[in-house]
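Asker: Mind folding the following:
(chains A and B)
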Amino acid sequence: MKILICIKQVPDMESKFKINAEGKWYDRTDLAWRMNEYDEYAVEQAVRLKEQVKDADLTVLCIGPDQVKETMKKALAMGCDRGAHIADNDSHTREPIEIATMVADFAKDKNFDIIFTGMQSQDRGSAQVGVMIAELLSIAAVTTIVGFTFDNGAINVKRELEGGGKALVSTTTPVVLTCQLGLNTPRYPTLPNIMKAKKKELLTLPVPDMSSIGSHQETAAFYFPERKGSGIVLEGDLPDLADKLIHLLKEKTGVLA
Amino acid sequence: MEFTREIYWNVGHGFTTLVPMYGLLLLALAVFVHGSLKRIKVYKLGQSLDRTDQRGERIKALLNNVFLQTKVYRVPGPGTAHALFFWSFFILAVGTALIVAQADFTDLFFDVKFLKGTLYKFFSLTLDLAGLVAIVMLGALLVRRYLIRPEGLITKPDDALMHGILFAILITGFVIEGARMAVTELNTPLAAWSPGGLVIAKILSGFGEGPLRALHSSLWWLHLLLALAFIAIIPFTKFRHIVTTSANSFFTNLGPTGKLTTIDLEDETTEQFGAGALSDLRWKDIFDADACTLCKRCQDRCPAFATGKSLSPMQVVNQIGEIAFTNPDAALIDTVGREAIWACTTCLACQDICPASIEHVSKIIEMRRNLVLMEGEFPGDEVMTAMEQTEVNGNPLGMGYASRGDWAESLGIKSLAEDAEVDILYFVGCYASFDKRNIAVAKSFVTLCQTAGIKVGILGKEEKCCGEPMRKMGNEYLYQTLAMETIETIKGYGVKKIVTTCPHCFNTLAKDYRDLDFDIPVEPHAVFLEQLVMSGKLRIKKDIFSCTYHDSCYLGRHNNIYDAPRNLIKSAGGQLVEMTKNRDQAFCCSAGGGRILAEENIGERINIKRVQMAVETGAEQLLSNCPFCLTMFEDGVKGADVEEKLRPKDIAEILAERL
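Answerer: The predicted structure follows:
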């Protein structure tokens, strides 16, 4: 069984974000980097599947500048067998179809049975790459999975739907699965596995020719949400609270006019 | 008349006495050696460890703890009784040896008798008194064990056997003496020099010489057999502690106190980390189990045990012994139990009080190392998250690393990257950098330094967690990664002196980093500020206030710093009311051993218990010297519902309030 896991390196969301000079994306200074949370679920699920079926080969793919290898090492330490790094210093400017094209180009002749990836990235959050990969490879895709079982080739997944509903979906390989919070708890790599990861194959590949795609989207501007007034917490006894509320509504709004 | 007595009176000194006597002695010694060798084989199941270096120090420790009973004596009551019993029994053993030396050696071969005259009188009196003290102390210990039955004291058949055989030896000794005196010494001036024997002699004096001689000789042989049996069964009963506990004070960890072994992570051949099986432990860890006398002092002081968690340091030590001697292949971690392993706060109360030089904490850490490094296991998801956050942002709170120095901006403190010419590097630590309550402590400390004219620098966003909570949780890999980065950063600036407001940072930089080629002097803020106050550089207005002081484990037991913080409190006008558990007996706040990262969801809350102890003093402020303690106490006063009565503060804060 051949499995591909697509991961992305993203800034830690607690970082001090600044807008870059072009005003099109965040500045890279003073950021701490980590694996996209949803991709961690993807890696974990793939490793669990390998532990279940034993005979599986896990390739982790990541697109970005050289520093993404650090994040790839974590995936290798968690249990992926080999890494493929598409060296691209402009990855942050790429639109989803470009990323998906790179992945599909890498995957097209390798016959992956399952492609796991996060349901979206924590920074750009387009949630499009997974389904686009499936489309480009002409295989099925099931998005936002929160449950996964594999039994003799039969795949059963639970999807998260809008409004808290869940859907059970049965599928077979080859398939792209995008992972959502709740699917699993990613493991903490053991020290022997961290050591082994250092020796695993990690190939760096060039960006493929994407002249046929052309650009579809452009970032016009990038800005922080406007700061609005903060909430007010009223405290006191119930009758008191009611008075305060009425006072506020009269003073600040027109609802009681 | 010559003051002496006939040795071997009534039993004779011929072959019919000496041959069976020495024959039986050899037999007893043979049994002793055989039993000991069997146990040594088991100790050897453990990994190697050199505990025979620094012999001078080790011999000093041995003499101190065996002959002076220094550690035993620390607990009044049972400790006093044991020490007095030991000294008196030891005197009796020496007396017996002197008799043997004279009768079967100096007198036999050289016609030299030294037990005579005044020496004999004092010899006789000393032995008699020693016998009496031994009986009384043994009786006291018997009453304690079987009638008072202190909570948690484990009594086994071994204990009854020990009491029985010791009583029998002592009592037969006196009856033998009494019978001999009734025949040979009554109404002589010598009798008064054996007051114990004299009482028995008077009781027995009604019997004729014949029955007395018969009684004497039969009891003499019984006494001999009991004494030899005592020697023979040492390796097979708790009597073994005479040898093992004594030896353990020689094999003791000579320090630095509480320092853990640094795993060589460069060695790529290592595939096993920490202790998952008995054979991963060191021989000393198995030997410790044999040195344990189940005195339960460790258990009595363990904050985890006291609050209903499944950890008893005494049990951990003995569980290791149990599997070593019965089933060495058993799963070590399952035997001890994960709950117990994770409950330890590494407060060192167990190790500090242990009269048998046992190292409890390192065993627990070795098992944690196995769980974390080999299995990726933690006590809870919150701990794993804290580890991951530390990997990403260099702090377990998950705050963005770049804002680490933000707290200092308003104080005009620069990072070393901006200005490296400073008097001290203040290693702030994660809590004082990011936690609002502890930022107040950092600001107070900096204000004090500035007032005293000390130029302070920080590492700012270059500072990372020192790695202490991670290390104590078993994550040696993350600890070393953080330590290496921190060491490189600090060394890069040519820092002369480092001061910390966190005793965990202090202990790690000053002790643990020594293994990683780091030797810049480090001081905790209590010590640094005390020097500033004492030298007059820092003037504090005395303003009377009532307080109690909590000794953090890492300034107290781990580093023996008790007076500096108290002197500071006094210099600020603090009227200190001590809690019952203070100084080396202080009760942990719950957050050591990496527990600051973990939820405490079993049993009572340790921090609430400690806060209640502080409330009992009637003091208005609970002072400490540690961000973890302060965090736990802020939480504890809420939990104990005493927010109005008791204010937790750091010493730096009460000083800064009085500038």
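Asker: Remind me what the strand ranked longest in chain A packs against, helices and strands.
Answerer: As assigned by DSSP state E, the longest strand anywhere in chain A is strand A:140-151. Applying 3 or more CB pairs under 8 Å, 6 or more residues apart in numbering or on different chains; DSSP states H and E, one finds that strand A:140-151 makes contact with helix A:37-53, helix A:129-137, strand A:154-160, strand A:166-171, strand A:175-179. For glycine as for every other residue, the C-beta is placed from the backbone atoms N, C-alpha and C.
Asker: So for B:Lys649, which of those sits nearest?
Answerer: Across the helices and strands packed on strand A:140-151, B:Lys649 has its closest neighbour in helix A:37-53 (38.9 Å, CB to CB).
Asker: near chain B at all, that closest one?
Answerer: No. Contact of helix A:37-53 with chain B (CB under 8 Å from any CB of the partner chain) is absent, the minimum separation being 9.4 Å.
Asker: Contacts for that helix, please.
Answerer: For helix A:37-53, contacts defined as CB atoms under 8 Å, 6 or more residues apart in numbering or on different chains pick out A:1, A:3, A:5-8, A:35, A:56, A:58, A:60, A:75, A:78-80, A:114, A:116-122, A:148, A:150, A:177-181, A:183-187.
Asker: Starting from the host helix or strand of A:Ile97, tell me the next helix or strand along the chain.
Answerer: When elements are assigned from DSSP states H and E, A:Ile97 belongs to helix A:96-107. For helix A:96-107, the following helix or strand on the C-terminal side (DSSP H and E) is strand A:114-118.
Asker: what lines up beside that following strand in the sheet?
Answerer: Next to strand A:114-118 in the sheet, as set by DSSP bridges, lie strand A:2-7 (parallel), strand A:175-179 (parallel).
Asker: Now tell me what touches it from outside.
Answerer: Outside strand A:114-118, the residues within contact range by CB under 8 Å, 6+ apart are A:1, A:3-8, A:36-43, A:45-46, A:49, A:103, A:107, A:129-130, A:133-134, A:137, A:155, A:173-179.
Asker: Identify the bridge partners of the nearest residue to A:Ala75 once chain neighbours are set aside.
Answerer: Distances taken as CB to CB, 6 or more residues apart in numbering or on different chains place A:Val60 nearest to A:Ala75, at 4.2 Å, with adjacent residues excluded. Taking DSSP bridges, one finds A:Ile5, A:Gly83 as the beta-bridge partners of A:Val60.
Asker: Without its sequence neighbours, what residue ends up closest to B:Val527?
Answerer: Excluding its sequence neighbours, the residue lying closest to B:Val527 (CB to CB, 6+ apart) is B:Ala564, at 4.8 Å.
Asker: what does chain B have sitting close to chain A?
Answerer: B:265, B:268, B:271, B:273, B:372-378, B:381, B:384, B:387-388, B:392-394, B:398-403, B:461, B:477.
Asker: Run a quick neighbour tally on residue 40.
Answerer: Unless you meant another one, I'm taking chain A. Around A:Glu40 there are 25 other residues, counting by other CB atoms under 10 Å in any protein chain shown.
Asker: my bad, chain B
Answerer: Look at B:Ile40: counted by other CB under 10 Å, it has 13 neighbours.
Asker: circling back to that earlier point, closest to B:Ser124 out of the strands paired with strand A:114-118?
Answerer: Of all the strands paired with strand A:114-118, strand A:2-7 comes closest under CB to CB, at 87.2 Å.
Asker: what comes into contact with whatever helix or strand comes next after the closest one?
Answerer: Counting by DSSP H and E, the next helix or strand C-terminal to strand A:2-7 is strand A:9-11. Strand A:9-11 is contacted by residues A:17, A:26, A:31-36, A:62, A:64, A:67-68, A:70-71, A:121-123 when judged by CB under 8 Å, 6+ apart.
Asker: Kindly write the ChimeraX command that selects the buried subset of the residues you listed.
Answerer: In ChimeraX, this line selects whichever of the contacts of strand A:9-11 come out buried by 16 or more other CB atoms under 10 Å in any protein chain shown:
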select /A:31,32,33,34,35,36,62,64,68,71,121,122,123
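Asker: and the gap between B:Lys71 and B:Thr293?
Answerer: Distance from B:Lys71 to B:Thr293, counting by CB to CB, to the nearest Å: 12 Å.
Asker: which parts of the stretch 101-250 of chain A sit against chain B?
Answerer: So the stretch 101-250 of chain A meets chain B at A:Thr185, A:Arg187, A:Tyr188, A:Pro189, A:Thr190, A:Leu191, A:Pro192, A:Ile194, A:Met195 (CB under 8 Å from any CB).
Asker: Tell me the pLDDT of the fifth one.
Answerer: Just to be clear, that refers to A:Thr190. Note on A:Thr190: pLDDT of 97.
Asker: in the host helix or strand of B:Ile135, what's buried?
Answerer: Applying DSSP H and E as the criterion places B:Ile135 in helix B:117-143. By neighbour count on 16+ other CB under 10 Å, the buried set for helix B:117-143 is B:120-121, B:123-124, B:126-128, B:130-135, B:137-138, B:140-142.
Asker: Past it, which element shows up next along the chain?
Answerer: Sequence order places helix B:157-184 as the next helix or strand after helix B:117-143, per DSSP H and E.
Asker: And that following helix, what's buried?
Answerer: Quick answer for helix B:157-184 (16+ other CB under 10 Å): B:159, B:161-163, B:165-184.
Asker: Report how many residues lie close to the residue in the stretch 51-200 of chain B that chain A sits nearest to.
Answerer: Closest residue of the stretch 51-200 of chain B to chain A, CB to the nearest CB: B:Arg51 (27.1 Å). B:Arg51 has 18 neighbours, counted by other CB under 10 Å.
Asker: same thing with A:Gly229?
Answerer: Residues contacting A:Gly229 under the criterion other CB under 10 Å number 6.
Asker: which SS class is it?
Answerer: Here A:Gly229 is coil, with the state taken from DSSP: H, G, I helix; E, B strand; the rest coil.
Asker: how far away is it from B:Pro565?
Answerer: Using CB to CB, A:Gly229 is found at 46 Å from B:Pro565.
Asker: any weak-confidence spans in chain A?
Answerer: A:257 (pLDDT under 70).
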